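Novice: Please find the sequence and the predicted model below.
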Amino acid sequence: MASSTQPPYLNPVAPFSATIQGGLQEGLQITVRGTVLASSGTRFAVNFQTGRSDDDIAFHFNPQFEEGGYLVCNTKEKGRWGQEEKTHLPFQRRSPFELSFLVLSSCFQVMLNGSPFVRYPHRVPFHRVDTLSVTGTVQLSSISFQTPGIRPANPAPISRCVCHSHTEVPGLFSTESHTPPMGHPNPAYTTLMPFFTSIPGGLYPSKSIVVSGTVLHSAQSFHINLRSGSDVAFHLKPLFKEKTVVLNTQIDGSWGHVEKTLSGKMPFIRGRSFSVWITCEARCLRVDVDGKHLCDYNHRLRNLHAINVLEVAGDIKLTRLQT
């Protein structure tokens, strides 16, 4: 694992190509900011490839603005393209954009302007990738890198990852940390579970994470995991049949002692919105649900900065996140 964050590129000129220091690794997040030009061409591409040649491209992310606009994703191996995947493109030429690519063990999770956009499963091992290139009708303002487990001195705006949602929902996600965002269900927004996003800088005392959503009427359970690589540092799982919430940690594939929140009534209700606020303290995680204290969970993994991925899955619809 790299020991420091790769310096950003400011106002790079397309076509752009640069080495990814240390290659791709799980948890690495790369953010590309720029503006789509209106004067020339109809498309641009972000490529995660092996070497400066374009013969081997693990992930070809190619917005195209003809025919109403659509996105093409693909992989090229030894000069031959695979099967294209297409989806609607929710932004236009002359539009500024922020694209964030989070590398997960199973896929690339892509966020567009802070909202979930697309998930692209790996077709080739991602560790082969050592080069990023950007080509086409785009004016770049910055390209930045966030290495897993490293807390930047001045964290960049948070990017999210992950779903096949083709509807932009302005303000769906927030980086504000003044108060916990409450759930506001939006029927146009459907996540493809499980949902993953990075936690910039990992955990540290005073760090807060907020997950807001709506419990499905037929819900059996859902879970919120704070992950460190393959380990789960914190697992919160409401069980609706048992009317309780279980807490645990998984290290090296083995679950530890289960803790249950039994005092008071079940804080999650089928069909209702909720907001979970997790605050990192020196000895524990403090968990509040809808502004009421649920529990304190003592840290079982001590390397807090390495806890850098949030996972949400199960019988809910997400409406807002803060990491």
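Specialist: Thanks, I have the structure now.

Novice: Figure out the length between the terminal residues of stretch 44-57.
Specialist: One end of stretch 44-57 to the other measures 15 Å (CA to CA, to the nearest Å).

Novice: likewise stretch 89-101?
Specialist: Taking CA to CA as the criterion, the two ends of stretch 89-101 lie 16 Å apart.

Novice: go on, stretch 255-270?
Specialist: Across stretch 255-270, first to last residue, CA to CA, it's 27 Å.

Novice: Check what contacts that stretch and list those residues.
Specialist: Stretch 255-270 is contacted by residues 215-219, 235, 238, 240, 243-250, 274, 289-290, 292, 294-295, 297, 300 when judged by CB atoms under 8 Å, 6 or more residues apart in numbering. Bear in mind the C-beta positions are built from the backbone N, C-alpha and C, glycine included.

Novice: Give me the buried positions along stretch 68-77.
Specialist: 69, 71-76 (16 or more other CB atoms under 10 Å).

Novice: what do you get for stretch 249-265?
Specialist: 249-250, 261.

Novice: Render the CA-only coordinates of stretch 27-40 in PDB, please.
Specialist: Taking C-alpha atoms only, stretch 27-40 is exported to PDB below (Å, rounded to 0.1, in the frame of the first residue of the first chain):
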ATOM      1  CA  GLY A  27      -9.900   1.800  -1.900                       C
ATOM      2  CA  LEU A  28      -8.100   4.100  -4.300                       C
ATOM      3  CA  GLN A  29     -10.200   7.000  -5.400                       C
ATOM      4  CA  ILE A  30      -9.400   9.100  -8.500                       C
ATOM      5  CA  THR A  31     -11.400  12.300  -9.100                       C
ATOM      6  CA  VAL A  32     -11.500  14.000 -12.500                       C
ATOM      7  CA  ARG A  33     -12.900  17.500 -12.700                       C
ATOM      8  CA  GLY A  34     -13.500  19.600 -15.900                       C
ATOM      9  CA  THR A  35     -15.900  21.000 -18.400                       C
ATOM     10  CA  VAL A  36     -17.200  19.400 -21.600                       C
ATOM     11  CA  LEU A  37     -16.300  21.600 -24.600                       C
ATOM     12  CA  ALA A  38     -18.900  22.600 -27.000                       C
ATOM     13  CA  SER A  39     -16.800  23.600 -30.000                       C
ATOM     14  CA  SER A  40     -15.200  20.400 -31.200                       C
END
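
Novice: Which stretches in the stretch 101-250 of the chain count as strands?
Specialist: 107-112, 115-121, 131-136, 138-146, 195-198, 208-215, 222-228, 231-239, 244-251 (DSSP state E, counting those that start in this stretch).

Novice: Partner strands of the last one, with direction?
Specialist: Strands adjacent to strand 244-251 in the sheet, as given by DSSP bridges, are strand 231-239 (antiparallel), strand 254-255 (antiparallel), strand 259-261 (antiparallel).

Novice: Then the shortest one?
Specialist: When sheet partners are counted by DSSP bridges, strand 195-198 sits next to strand 309-314 (antiparallel).

Novice: what's near enough to touch the closest residue to residue 43 other than its chain neighbours?
Specialist: Closest residue in space to residue 43, ignoring its immediate chain neighbours: residue 64 at 4.2 Å, by CB to CB, 6 or more residues apart in numbering. Each residue near residue 64 by CB under 8 Å, 6+ apart is listed here: 42-43, 70-72, 89.

Novice: Need these in TSV (columns: pLDDT and distance to residue 116).
Specialist: Conversion of the contacts of residue 64 to TSV gives the following (pLDDT from 0 to 100; distance: CB to CB, whole Å):
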residue	pLDDT	distance to residue 116
42	85	25
43	91	22
70	90	17
71	93	14
72	95	19
89	85	15
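
Novice: In CSV, list those along with distance to residue 205.
Specialist: Formatted as CSV, those follow (distance: CB to CB, whole Å):
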residue, distance to residue 205
42, 49
43, 46
70, 45
71, 40
72, 44
89, 41
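
Novice: show me where pLDDT drops low in the stretch 151-300 of the chain?
Specialist: 151-193, 262-264 (pLDDT under 70).

Novice: Many thanks, we can stop here.
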